[in-house]
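1. Here's my sequence, what's the structure:
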Amino acid sequence: MNGRAQFACVTCRRLKRKCPKELPSCSLCLRLEKQCEYPPRVRNLYENKTPDSSISPRETNGEVNPPISSSFPAESTLSLSPIPDLVLGHGDIHTFPAMFFLESDVCTKPLASEPCQATGIIGPPCNLSPEADAVCEKYFSAVHRWLPILSRKRVRRHIAENGSAPDCPSQLLFICMKLVSEPVPAEVSARANIAYQRVLETLFKVENSCLPSLQLLQSVILISAYELGHAIYPAAYLHVGHAARLCAMMGFHDRKAASQLFKDSITWTSREEERRTWWAVFCLDRITNQGTSGLPFAAPDPNPGELLPCPEVPWIEGGIGFNEPLFATSFSSNTSLGSFANMCQAAHVLGRVLRHRDELHSSRLALGFRVSEARQLHQILVSLSSHLSSTCEQSLLLDSSVSVPLALCFSARLILYDIYACNETYSTDYGRSSEEAELQKETMAGIFSVTRGIWQLACQLLESIDQSSRNGLENLSPLLCHCLYLGAGESEWLILEHQDSSASTWLKDIVRLLRVIGKRWQVADIYLAQIYKWPGYNSLGML
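-> Residues are numbered from 1 along each chain as shown. Predicted coordinates:
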């Protein structure tokens, strides 16, 4: 046989050397007495060609890369062929060790989560192109403030080294950062956004050509954030579940008992990045389930020994921080948690409230236990919201990094209170216990307190936006919207029941903030469209 293969052989890829691509075996493998094999698709491509063939493989009946009907231009047609020059450290999906799933005891930590683990070399800092540098700065000044899962120094190095390589994890992460950092063009649906379509196409290619990696997981998280922010359902729900599955496969949810896909992290920063990535999946999973009942969580609850993310200052500056446990036997006055750790705490309690809501009519739970749990959740949420409210008041310029944890806490409280405040939720067959009657009084007072707190938060955010102009709008998180919507609903109820003038002011200001968020995130417009139908809102005569 004469000729050269289109791609490197499997052995050369594994050893990270330049393959001469000779057929049927490359000279390097022959010299080293190694078995030389080319990926099946590459071999089929060679074997389907004849010396006098003028028909391309795509035109044959056994086509290698069949065209996929889509709205993409012809030059962006999807292909599952191996990447020509695999990026350093990101192996071919054909080399994934199946024994990891078939018998993990004989296949422990088989993969490297990043290139430097595969090569043992950490390269010097690299300069980014002006475009890449602008995208990074925009991302870290906006989205990173309320979803701080990426290490600035590590992501800049990955993008500088491999960001321009086609269809690799680094390139996918870069275009995902760009997607969530830029507003959707005016008069364009977020679902039809060309940049979003390109990201989905690249995700498909990377998943079907490269080994799983931390960057792949982070990319799926950013895609989920974009979809949640623009109410692209059911894609948002499914991608959050996708991210949870990737997390579970990598073993991030349980470092001690679960099989670990990756070798141990070689630096504190890389381990912290993995921890923050896992927590982001957990938070988004609980947030996604706020408005729906009865759907199981995709991400499991954290283990008793799980550590929270470190404070933001060392993380942003690239230093080494400390991590507090999620569960502690006692509290210390010296404990100082970062805003993302507060968000994780709030999401954890929110998850407990959602499970309590979904198990409300379960025959397995005794009435006394259910009421006791509700009271316990109420006390935890009151303490947590008090702490987070004081944090917001101490912030010189309020942004989403400190407001999102408080918003999640407020959402959890209203979801819990709505269970016990409404008479219609009680069964006429079994009546109401004295404990439930007492709890109803507390939840009624809690609804008023929380709604007022949501209004105060909205006013603080509006003031911050006025002070910081455009940057304030970019820093607003779509994760605030559900809390604002719940607060608007309770305000409207107070208007209809009590003709409360304070509630009228609350509703107006909450709607004003949702309109501001709607300039950046389309999910706010979905909530507003529903609010505009409410009789209590229409009674205010607002335009």
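2. so what's R14 closest to, chain neighbours aside?
-> Ranked by CB to CB, 6 or more residues apart in numbering and with sequence neighbours excluded, the top spatial neighbour of R14 is T95, at 6.8 Å. Where you see a C-beta, it was placed from the backbone N, CA and C, and this is true even at glycine.
3. What is the burial count for the one you found?
-> 14 (other CB atoms under 10 Å).
4. what residues are up against it?
-> By CB atoms under 8 Å, 6 or more residues apart in numbering, T95 lies in contact with 10, 13-14, 211.
5. same thing but 10 Å
-> Counting by CB atoms under 10 Å, 6 or more residues apart in numbering, T95 touches 10, 13-14, 39, 86, 110-111, 211.
6. Now for those residues: which two are most distant?
-> P39 and P110 (18.8 Å; CB to CB).
7. more neighbours, the two?
-> Neighbour totals were compared for P39 and P110, and P39 leads with 21 against 17 (other CB under 10 Å).
8. could you measure that one against P405, distance?
-> Distance, P39 to P405, using CB to CB, to the nearest Å: 47 Å.
9. got it, and S395?
-> From S395 to P405 the distance is 12 Å (CB to CB).
10. Same question for L111.
-> 34 Å.
11. Neighbour count for these two, which is higher?
-> Legend: neighbour count by other CB under 10 Å for L111 and P405, higher for P405 (29 against 21).
12. Got phi/psi on F262?
-> Main-chain torsions, F262, degrees, to the nearest 10: phi -110, psi 150.
13. so what's M99 up against?
-> 105-107, 110.
14. next one: phi and psi at the residue nearest in space to the middle of the chain?
-> What sits nearest the mean C-alpha location of the chain, by CA atoms, centre = their mean, is I221, with 3.1 Å. For I221, the backbone dihedrals (degrees, to the nearest 10) come out as phi -60, psi -40.
15. Could you check how far it is from V404?
-> In terms of CB to CB, I221 sits 15 Å off from V404.
16. Then T269?
-> 24 Å.
17. can you list the domains in the protein?
-> 1-53, 129-290, 337-538 (automatic domain parsing).
18. Tell me which of the ones you listed is the most buried.
-> Of those, the one with the most neighbours on average (mean count of other CB atoms under 10 Å) is domain 129-290, at a mean of 20.
19. quick one: terminal-to-terminal distance for that one?
-> Criterion CA to CA, to the nearest Å; first-to-last residue distance in domain 129-290 is 41 Å.
20. Give the rounded mean pLDDT of that domain.
-> Averaging pLDDT along domain 129-290 gives 94.
21. and if you look at stretch 498-505?
-> 84.
22. residues in contact with it?
-> By CB under 10 Å, 6+ apart, stretch 498-505 touches 448, 451-452, 455, 459, 490-497, 506-507, 536-537, 539-540, 542.
23. re the thing from before, ok, so of the contacts of T95, who is nearest C29?
-> V10 (9.7 Å).
24. mind checking pLDDT for the closest residue to the closest one other than its chain neighbours?
-> Distances taken as CB to CB, 6+ apart place E37 nearest to V10, at 5.0 Å, with adjacent residues excluded. Note on E37: pLDDT of 83.
25. and E37, that's in a strand?
-> No: E37 is assigned coil when assessed by DSSP: H, G, I helix; E, B strand; the rest coil, not a strand.
26. if I pick A248, what's in contact with it?
-> The contact partners of A248, taken as CB under 10 Å, 6+ apart, are 254, 258-259, 261, 278, 281, 298-300.
27. ok, it to G241 distance?
-> Following CB to CB, the distance that separates A248 from G241 is 11 Å.
28. any shared contact partners between those two?
-> 281, 298-299.
29. Show me these that map onto helices.
-> V281 (DSSP state H).
30. Columns distance to L360 on top of the shared contacts of A248 and G241, output as JSON lines?
-> Shown next, in JSON lines, are these (distance: CB to CB, whole Å):
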{"residue": "V281", "distance to L360": "26"}
{"residue": "A298", "distance to L360": "21"}
{"residue": "A299", "distance to L360": "22"}
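31. with the shared contacts of A248 and G241 in mind, which one is nearest to A236?
-> A298 (11.9 Å).
32. confidence score at that closest one?
-> With respect to pLDDT, A298 has a value of 97.
33. Report the separation between it and M177.
-> 23 Å.
34. hang on, the earlier thing: ok, of the contacts of T95, which one's closest to L377?
-> Nearest to L377 among the contacts of T95, with distances taken as CB to CB, is L111, at 39.9 Å.
35. So that closest one is in contact with L216, correct?
-> No: counting by CB atoms under 10 Å, L216 is not a contact partner of L111; they are 11.5 Å apart.
36. Identify the contacts common to those two.
-> Residues touching both L111 and L216 (CB under 10 Å, 6+ apart) are M250.
37. and Y537, what helix or strand is that in?
-> Remark: Y537 resides in helix 535-538, with elements defined by DSSP states H and E.
38. how near is I287 to D500?
-> 30 Å.
39. How far off centre is the longest helix anywhere in the chain?
-> The longest helix of the chain (DSSP H) is helix 434-468. Relative to its chain's centre, helix 434-468 lies at 27 Å (CA atoms, centre = their mean, to the nearest Å).
40. Please list all residues in contact with P20.
-> 4-5, 8-9, 12, 26-29.
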